[in-house]
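1. Next input, structure requested:
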Amino acid sequence: MTEFFQVIPMVLQAFIKMLINPIFWIVVFFISFQYKRFSKIKKDLFGVKSEPIWQNTLLAAAHGIIGGLIGSFLMIFVGISLSNIGIGFLWVLSLSLMFIHPRFICFAYSGGIIGLSSLIFGWPNVDVPHLIGLVAILHMVEGLLILIGGHLGAMPIYTKDRQGRVVGGFNLQKFWPIPIVGMLLMQMPSSELVQGTVSMPEWWPIIKPAISNLDNAFYLILPVVAALGYGDLAITSTPKEKSKKSALFLTTYSIILLSLAVAASYYAGLAIAAALFSAFGHEWVIKIGRRMEMKGEAIYVAPEEGIMILDVVRGTIASKINLMSGDIIKRINNMNVDSRYDLNLAMDHATVDIFEIECVTRQGKYRRETIKKSYGEPFGIIPVPESYDRPQVEESRGGALTRLFRRFRK
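-> Predicted structure coming up:
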């Protein structure tokens, strides 16, 4: 393992170069537009502002840097080469599949399709084990990022549960810029012509390359930038619980996929299994996660008494007294509060600016808080939907091409 300690400074040097590269910050800039769009949607839906855009963007960049550094060392350790895996085909196919369904803009699907095409038709000619290994590492990094930050900044929504009721929930949408260090496999007439190389152990690389003669081969460290995204709905679980489940499923999928990629580099017959699992395994992860979410009972529903909080706006009175999502406000100044109308009535028609709030936490504990609120100052909560509210978000039924085909068929 001493050889890897010699590689660490080389990887860090390339990684730092990527951080000061304008391309990385261009990706960060475009991601900031996504968070700006979500902030506008939240304001349009509920009339409240989300967290500052710069805060969400910098946090996403920080998490992306952590994930990229971990992914870089994983790629170096496994020995994945970017030389012959069809990166251009991956991007083109992923963007094309997006028009069928938004969730298909993922290397798991495009990687599986390209791998199968290469194995069956011989085009494009790619190193399938290394291609699938790249997909596995990127999803492993994504699982880590979902675990540490997938629940942050979740947007409250009104949607439908499996019984057709309008309930509260959260739309989990995250984007991360990923600076990552990969390797290119090169061959020279003589290894003596290459300066500054590090001899790696005999068991490395774990994923064997397609070429048979590695005596005159060496790997060139190459910094690249990528972006990862995560989208999900939390209806029967909290955003944090949902992100934990998603991270667990995705990590399990990644480990199995990486194992298949390693095995396929030794036994060519397993390459088809690796390519198939890349696409169908990812689809299974999405389906089982969605099925588990919809089978449960929605937790953000209007109670018989009181008004349940769906979300609390940061920096408002409600956040300062630590009201939380799932808490139920029972009374304000001894006045029962069972609807948004009651809440506004209690707040706007009080003769004093001191309010006594009685509530029950999601854990069932009784609380009483006294606050000072000026007239017109927002309280800062988004309640769960009431019986007359309509859903704001429904499950996507496909992309542009899918919708066009349905329209043509009709």
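
2. which strand is the longest one in the protein?
-> Assignment by DSSP state E gives strand 166-187 as the longest strand of the chain.

3. and the helix or strand following that one, average pLDDT?
-> Next helix or strand after strand 166-187 toward the C-terminus (DSSP states H and E): strand 217-234. Average pLDDT, strand 217-234: 86.

4. With stretch 152-171 instead?
-> If you average the pLDDT values across stretch 152-171, you get 91.

5. what's the first-to-last distance across it?
-> In stretch 152-171, first residue to last residue: 11 Å (C-alpha to C-alpha, to the nearest Å).

6. List the buried residues in it.
-> Going by neighbour count (16 or more other C-beta atoms under 10 Å), the buried part of stretch 152-171 is 152-161, 166-171. All C-beta spots, glycine's among them, are computed from the backbone N, C-alpha and C.

7. tell me which of the residues you listed is nearest to residue 238?
-> residue 170 (7.9 Å; C-beta to C-beta).

8. ok, that closest one - contacts?
-> By C-beta atoms under 8 Å, 6 or more residues apart in numbering, residue 170 lies in contact with 154-157, 233-234, 238-239, 242, 311.

9. List just the nearest of those to residue 106.
-> Out of those, the member with the shortest distance to residue 106 (by C-beta to C-beta) is residue 233, at 17.3 Å.

10. Surely the closest one and residue 159 touch.
-> Yes. Using C-beta atoms under 8 Å, residue 233 and residue 159 qualify as a contacting pair, with a distance of 6.9 Å.

11. So for these two, which residues contact both of them?
-> Residues within reach of residue 233 and of residue 159 at once, by C-beta under 8 Å, 6+ apart, are 169, 393.

12. just for this structure, where's the confidence low?
-> 1, 3, 50, 102, 188-197, 212-215, 350-352, 394-410 (pLDDT under 70).

13. Kindly indicate whether residue 26 is helix, strand or coil.
-> Following DSSP: H, G, I helix; E, B strand; the rest coil, we place residue 26 in the helix state.

14. State the distance from it to residue 33.
-> 11 Å (C-beta to C-beta, to the nearest Å).

15. Give the burial count for the closest residue to residue 160 other than its chain neighbours, as a bare number.
-> Using C-beta to C-beta, 6 or more residues apart in numbering and skipping residues adjacent in sequence, the residue nearest residue 160 is residue 391, 5.1 Å away. Using other C-beta atoms under 10 Å, the number of residues around residue 391 comes to 16.

16. Residue 391 contacts residue 164, doesn't it?
-> No. Residue 391 lies out of contact with residue 164 (C-beta under 8 Å); the separation is 9.8 Å.

17. what's the burial count for the closest residue to residue 81 other than its chain neighbours?
-> Nearest non-adjacent residue to residue 81, counting by C-beta to C-beta, 6+ apart: residue 185, 4.1 Å away. Per other C-beta under 10 Å, the neighbour tally for residue 185 reads 21.

18. Also residue 128?
-> Count around residue 128 with other C-beta under 10 Å applied: 29.

19. can you check residue 63 too?
-> By other C-beta under 10 Å, the residues close to residue 63 number 22.

20. Any buried residues in the helix or strand containing it, and which?
-> Using DSSP H and E, residue 63 sits within helix 53-78. Using 16+ other C-beta under 10 Å as the test for burial, helix 53-78 gives 53, 56-57, 59-61, 63-76, 78.

21. returning to what we had before: what about the contacts of residue 170, which are in helices?
-> Among the contacts of residue 170, the members falling in helices (DSSP state H) are 239, 242.

22. Any chance of CSV for the contacts of residue 170, columns distance to residue 323?
-> Output for the contacts of residue 170, formatted as CSV (distance: C-beta to C-beta, whole Å):
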residue, distance to residue 323
154, 17
155, 18
156, 14
157, 19
233, 23
234, 19
238, 15
239, 16
242, 21
311, 10
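
23. Only C-alpha atoms, please: export stretch 363-372 in PDB.
-> What follows is stretch 363-372, C-alpha atoms only, in PDB (Å, rounded to 0.1, in the frame of the first residue of the first chain):
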ATOM      1  CA  GLN A 363     -43.000  13.200  19.300                       C
ATOM      2  CA  GLY A 364     -46.200  13.900  21.300                       C
ATOM      3  CA  LYS A 365     -44.700  16.300  23.900                       C
ATOM      4  CA  TYR A 366     -46.800  19.400  25.000                       C
ATOM      5  CA  ARG A 367     -45.200  22.800  24.600                       C
ATOM      6  CA  ARG A 368     -46.200  26.300  25.500                       C
ATOM      7  CA  GLU A 369     -44.300  29.300  24.100                       C
ATOM      8  CA  THR A 370     -44.800  33.100  24.400                       C
ATOM      9  CA  ILE A 371     -43.700  35.200  21.500                       C
ATOM     10  CA  LYS A 372     -43.800  38.900  20.600                       C
END
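
24. any residues touching that stretch, and which ones?
-> Residues outside stretch 363-372 that contact it (C-beta under 8 Å, 6+ apart): 317, 320-321, 327, 353-361.

25. PyMOL command for the buried members of these?
-> The buried residues among these can be selected in PyMOL (16+ other C-beta under 10 Å) with this line:
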select buried, resi 317+327+355+357+358+359+360
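
26. Closest to residue 287 out of the contacts of stretch 363-372?
-> The nearest member of the contacts of stretch 363-372 to residue 287, counting by C-beta to C-beta, is residue 327 at 33.0 Å.

27. my guess is the closest one meets residue 361, correct?
-> Yes. Here residue 327 lies in contact with residue 361, judged by C-beta under 8 Å, at a distance of 5.3 Å.

28. ok, the residue nearest to residue 160 to residue 290 distance?
-> Using C-beta to C-beta, residue 391 is found at 17 Å from residue 290.

29. where do the strands sit along the chain?
-> Counting by DSSP E, the strands of the chain are 155-160, 166-187, 217-234, 307-312, 328-332, 335-336, 354-360, 366-372, 381-383.

30. mind checking which of those strands is nearest residue 200?
-> Per C-beta to C-beta, nearest to residue 200 of these: strand 217-234, 8.4 Å.

31. So what angle separates the directions of the closest one and helix 53-78?
-> Here strand 217-234 points in a direction 140 degrees away from that of helix 53-78 (axes from the mean of the first three to the mean of the last three C-alpha atoms, to 10 degrees).
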